[in-house]
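[1] I would like to see how this sequence folds:
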Amino acid sequence: MRVINIIVIVICLGVVAYAKEAAPIIIDLQVTEKGFEPNKIDVVTDKPVKLKITRKTDNTCSTSIQIPALKLKKDLPLNKTVSVALGKLTRGEIRFGCGMNMMDSGMIYVK
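    Below is the predicted model of the structure:
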């Protein structure tokens with residue numbers, strides 16, 4: 001009986017460790033009259049990244065977000081949070097901006 005208890009404990013610890021490892025870094029972004037806030041984001045390479053973006057204004061061209069390096073573009077409806085899973089990123093800098101890629105840009109710094 002003790003061996004079974006030890007095996008169950010080891011399995012549970014492994015599941016908890018895996019769940020903690022796989023948990024994404026969640027970054028909350030808002031789109032305001034100033035653009036994307038924050039517009040500078042620091043993340044690490046060993047964790048998946050998820051953006052949660054809420055557009056708070058109509059007074060901007062950022063009705064969508066575009067991340068050209070990831071070939072990603074998502075509409076941002078007013079006052080609704082949109083989740084964008086980016087997965088694990090490689091080291092470097094990744095620019096994001098409005099759907100027309102003209103204004104309101106920001107940078108993800110992957111270390």
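[2] next SSE downstream of the worst-scoring helix or strand of the chain on mean pLDDT?
    Ranking every helix and strand in the chain by mean pLDDT, DSSP states H and E puts helix 2-22 at the bottom, with a mean of 59. Per DSSP states H and E, the first helix or strand lying C-terminal to helix 2-22 is strand 25-32.
[3] report the buried residues of the helix or strand that that following strand is followed by.
    Beyond strand 25-32 in the direction of the C-terminus, DSSP H and E gives the next helix or strand as strand 35-37. By 16 or more other Cβ atoms under 10 Å, the buried positions in strand 35-37 come out as 35-36. (Glycine included, C-beta is placed from N, CA and C.)
[4] distance from the helix or strand just after strand 35-37 to the middle of the chain?
    Downstream of strand 35-37, the first helix or strand assigned by DSSP H and E is strand 40-43. Average the C-alpha atoms of strand 40-43, do the same for its chain, and the two points are 10 Å apart (Cα atoms, centre = their mean, to the nearest Å).
[5] so after strand 40-43, what's the next helix or strand?
    strand 48-55.
[6] in that next one, what counts as buried?
    48-51, 53-55.
[7] for stretch 54-63, same thing?
    54-55, 60, 62.
[8] which ones are touching the residue nearest to residue 67 when sequence neighbours are not counted?
    For residue 67, ignoring the flanking residues on the chain, the nearest one in space by Cβ to Cβ, 6 or more residues apart in numbering is residue 96 at 4.7 Å. Shown in contact with residue 96 (Cβ atoms under 8 Å, 6 or more residues apart in numbering): 36, 65-67, 105-108.
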